[in-house]
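# test case, fold it:
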Amino acid sequence: MKCALVTGGSRGIGRAICQKLAIDLGYFVLINYQGNETAALETLHLVEQEGGNGAVLKFDVSDEEAVNTALSNWIGEHPDAVVEVVVNNAGVAKDGLFMWMKKEDWQNVLDVSLNGFFHVTNFFIQKMLRNRYGRIINVVSVSGVKGTAGQVNYSAAKAGVIGATKALAQEVAKRNVTVNAVAPGFIQTDMTAEMDEQELVKLIPANRFGKAEEVADLISFLASKKSGYITGEIININGGIYS
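Sure thing, here's the model as predicted:
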């Protein structure tokens, strides 16, 4: 059974990714969530409605022990499962000016994005190398590429994942394992619902926010066999706001 794991897969971009990987590529999708079980089950229902298969898997990506326990248990119960695709999508934003930033808001954002990438990817990397096949896709942000005022913690976390993407790609390319990152700009999700879309649209050459499905389409391509010669890349998907 060929599987794809999507962290933070219960809502927004994560949900759209789960749907695309299940329907476009036929993967059994492991929908990771931390707290919102209702939303995760809703994502699973949408996947199944479209003829796909999957399961929900609860763990906090920032907690190494929780990651290892949840994934080891699931794989132990499904010995025929091979996880070919890992999408590190889980992230959290705790915005505020740096001069007033609390240490826990700095730490928490780094723990989820950067340490989360380490915990989940590190769990699977040896298996992918042994199988001589794998697709690791990290969801970063325009903030990690150019830096965004009021998001020093988020920008630092995503920039860290960008550096890791480029380095890891070089280590594993010989074994047919690719490592890429996708950097969305303004996308219509719960995370951007509070933003003043009418004002922000003026900054975007494409004159609109992106859709979660558009990000998921790009990730679906990077997760497919068609993308085998693309690795170590950071692909911006932002309507021209930073290119």
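# low pLDDT regions in the chain?
Counting by pLDDT under 70, the chain contains low-confidence ranges at 191-195, 243.
# and the residue nearest to the spatial centre of the chain, what does it touch?
Among the residues of the chain, the smallest C-alpha distance to the mean C-alpha position (Cα atoms, centre = their mean) belongs to residue 89, namely 1.8 Å. Contacts were defined as Cβ atoms under 8 Å, 6 or more residues apart in numbering; by that measure residue 89 touches 6, 7, 8, 9, 13, 14, 17, 139. For glycine as for every other residue, the C-beta is placed from the backbone atoms N, C-alpha and C.
# residue 58 now?
By Cβ under 8 Å, 6+ apart, the residues touching residue 58 are 32, 33, 34, 37, 40, 70.
# also residue 128?
Listed by Cβ under 8 Å, 6+ apart, the contact partners of residue 128 are 83, 84, 134, 136, 172, 175, 177.
# neighbour count, distance to residue 55 and secondary structure for the contacts of residue 58 - can I get that in a markdown table?
What follows is the contacts of residue 58, written out as a markdown table (neighbours: other Cβ atoms under 10 Å; distance: Cβ to Cβ, whole Å; DSSP: H, G, I helix; E, B strand; the rest coil):
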| residue | neighbour count | distance to residue 55 | secondary structure |
| --- | --- | --- | --- |
| 32 | 29 | 10 | strand |
| 33 | 24 | 11 | strand |
| 34 | 20 | 16 | coil |
| 37 | 12 | 12 | helix |
| 40 | 26 | 10 | helix |
| 70 | 18 | 11 | helix |
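# just give me the closest of those residues to residue 109.
Residue 109 has its nearest neighbour among the contacts of residue 58 in residue 34, at 14.2 Å by Cβ to Cβ.
# does the closest one really touch residue 90, like I thought?
Yes: applying Cβ atoms under 8 Å as the test, residue 34 and residue 90 come out as touching, 7.3 Å apart.
# shared neighbours of those two, anything?
Common neighbours of residue 34 and residue 90, using Cβ under 8 Å, 6+ apart, are 8, 61.
# what lies in contact with the longest helix along the chain?
The residue-count maximum for a helix in the chain (DSSP state H) belongs to helix 152-172. With Cβ under 8 Å, 6+ apart as the contact definition, helix 152-172 has outside contacts at 88, 91, 93-95, 98, 101, 105-106, 109-110, 112-114, 117-118, 121, 125, 128-129, 134, 136, 138, 140-141, 143-145, 147-148, 178-181, 183, 231-234.
# are any of those residues buried, and which?
Applying 16 or more other Cβ atoms under 10 Å to the contacts of helix 152-172, the neighbour count classes 88, 91, 93-94, 101, 105-106, 109-110, 112-114, 117-118, 121, 125, 128-129, 134, 136, 138, 140-141, 143-145, 148, 178-181, 183, 231, 234 as buried.
# alright, that wraps it up for me.
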